[in-house]
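S.K.: let's see this in three dimensions:
(2 chains)
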Amino acid sequence: EAQVTQNPRYLITVTGKKLTVTCSQNMNHEYMSWYRQDPGLGLRQIYYSMNVEVTDKGDVPEGYKVSRKEKRNFPLILESPSPNQTSLYFCASSLTGGTGYNSPLHFGNGTRLTVT
Amino acid sequence: GDSVTQMEGPVTLSEEAFLTINCTYTATGYPSLFWYVQYPGEGLQLLLKATKADDKGSNKGFEATYRKETTSFHLEKGSVQVSDSAVYFCALSWDYKLSFGAGTTVTVRA
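M.R.: Numbers count the residues shown, from 1 in each chain, chains lettered A, B, ... in the order given. Below is the predicted model:
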């Protein structure tokens, strides 16, 4: 089954303790992206990757890191989490991004992160 | 920068009522436009899309038309069901970036 898999689904951590949220897709998609969803703000893009070893900042990249060493994986790293990073996080992938982007995004089921 | 604005919710309707969710966009180029739907506890799913002016996207009884003159992409459904209860997001895509609206929560009562 074609899918985007995120882990974990729920995570509670403390300020400053490094964490990684994993994301994997099995559709051979080139484009992958991370979003955070907050009430009243919709989804905001954190980082995206157009292909292996190619990443770029989205609208809210501060406090996050990503890497794309393999096509299928795109982990999100919080080196020193803070309470304002408490949110619902979604990973998504598509066949290809680009100008006049047509390829729809496939989303994971989300990771609810709480930083205390 | 490019952005979308959609009507605030929540919206509560009775079954078989007509649904409209307004969405307007601001863009410097010629973006593609999308509606995504999020059911409780799940990620977003593509509902419909339009890639150029005057295109009409449709799926599951929902429709939206890309109106360049009014920079709008309003979502409509003629007769909603309880199963249409969800959060709906309008989105715009241009040059590898995808911008979402804030989402509109729709509740349909039997």
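S.K.: using PDB, write out the CA atom coordinates for the worst-scoring helix or strand of chain B on mean pLDDT.
M.R.: Here the helix or strand of chain B ranked lowest by mean pLDDT, DSSP states H and E is strand B:97-100, holding a mean of 82. Output in PDB follows, covering the C-alpha atoms of strand B:97-100 (Å, rounded to 0.1, in the frame of the first residue of the first chain):
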ATOM      1  CA  LYS B  97       6.100  25.800  -2.100                       C
ATOM      2  CA  LEU B  98       2.600  25.000  -1.000                       C
ATOM      3  CA  SER B  99       0.700  27.500   1.100                       C
ATOM      4  CA  PHE B 100      -2.400  26.500   3.000                       C
END
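S.K.: and it, what does it pack onto?
M.R.: Packed against strand B:97-100, as judged by 3 or more Cβ pairs under 8 Å, 6 or more residues apart in numbering or on different chains; DSSP states H and E, are the following elements: strand A:42-51, strand B:3-6, strand B:86-94. The way it works is simple: take the backbone N, C-alpha and C, and place the C-beta from them, glycine included.
S.K.: residues in contact with the second one?
M.R.: Which is strand B:3-6. Applying Cβ atoms under 8 Å, 6 or more residues apart in numbering or on different chains, the contact partners of strand B:3-6 are B:21-26, B:88-92, B:99-104.
S.K.: contact partners of the least confident helix or strand of chain B?
M.R.: By Cβ under 8 Å, 6+ apart, the residues outside strand B:97-100 that reach it are A:33, A:35, A:42-45, A:48, A:58-59, A:101, A:105, B:1-4, B:34, B:36, B:89-93.
S.K.: of these, buried ones?
M.R.: Using 16 or more other Cβ atoms under 10 Å in any protein chain shown as the burial test, the contacts of strand B:97-100 include A:33, A:35, A:42-45, A:48, A:58, A:101, A:105, B:2, B:4, B:34, B:36, B:89-93 as buried.
S.K.: low-scoring stretches of chain B, by residue?
M.R.: Applying pLDDT under 70 to chain B picks out residues B:96.
S.K.: where does it get nearest to chain A, residue-wise?
M.R.: Proximity to chain A, evaluated over chain B using Cβ to the nearest Cβ, is greatest for residue B:43 at 3.2 Å.
S.K.: next, count neighbours for that residue.
M.R.: A total of 22 residues lie near residue B:43 under the criterion other Cβ atoms under 10 Å in any protein chain shown.
S.K.: contacting residues around it?
M.R.: A:4, A:90, A:92, A:107-110.
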